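Visitor: Return atomic coordinates for the entry below.
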Amino acid sequence: MTKAPSSLGARLGSQETLGQRIRALRHYAGMTQVAVAAALGLSRSAIAHWETDRDGRVREYLPRLAELFQVPVEVFLTGMATQEAVVQLTIDEIDLLRLYRSLDVGERLSVQRSITRMLDRKKK
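Guide: Sure thing, here's the model as predicted:
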């Protein structure tokens, strides 16, 4: 994966279209339309149609896109992935959570991957 661009072409959220979310995740992954098309066994023009919201058949490919971009399907549908949990947090954890919530989705994905890499290095 490549580093998240400083300004994602589209911010992922409830205001964006499905096509904008696909494009933003593709850019974040550092993939071209051709690369995504090859990974899914489709044409580049099919991906272009999805990204411009001209093809309604994209929904049948959402599970494969989620796997390709390593995100939950929910990100494509709502712009966010949520998970409910009841936990007690320290003041440091609350501060980190507040900062995390102020990030856009691309930045959140970057933080998650950075932490995963740090933990992987720690295990070695």
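Visitor: how close does His49 get to Val36?
Guide: Relative to Val36, His49 is positioned 12 Å away (criterion: C-beta to C-beta, to the nearest Å). C-beta: built from backbone N, CA, C; applies to glycine.
Visitor: Oops, could you answer that again for Tyr28 instead?
Guide: Tyr28 sits at a distance of 12 Å from Val36 (criterion: C-beta to C-beta).
Visitor: How about Arg26?
Guide: 6 Å.
Visitor: Now for these two: what residues contact both?
Guide: A shared contact of Arg26 and Val36, defined by C-beta atoms under 8 Å, 6 or more residues apart in numbering, is any residue touching both; here these are Ile47.
Visitor: So these two - more neighbours on which side?
Guide: A side-by-side neighbour count of Arg26 and Val36, using other C-beta atoms under 10 Å, places Val36 first with 24 against 21.
Visitor: Let's verify the more buried one: helix, strand, or coil?
Guide: helix (DSSP: H, G, I helix; E, B strand; the rest coil).
Visitor: Contacts only, for it.
Guide: Neighbours of Val36 in contact, by C-beta under 8 Å, 6+ apart: Arg26, Ile47, Leu65, Leu68.
Visitor: Recalculate using a threshold of 7 Å.
Guide: Neighbouring residues of Val36 by C-beta atoms under 7 Å, 6 or more residues apart in numbering: Arg26, Ile47, Leu68.
Visitor: Give me the pLDDT value at the first one.
Guide: As summarised for this prediction, Arg26 has a pLDDT of 91.
Visitor: Ok, the second one next?
Guide: We note a pLDDT of 95 for Ile47 in this prediction.
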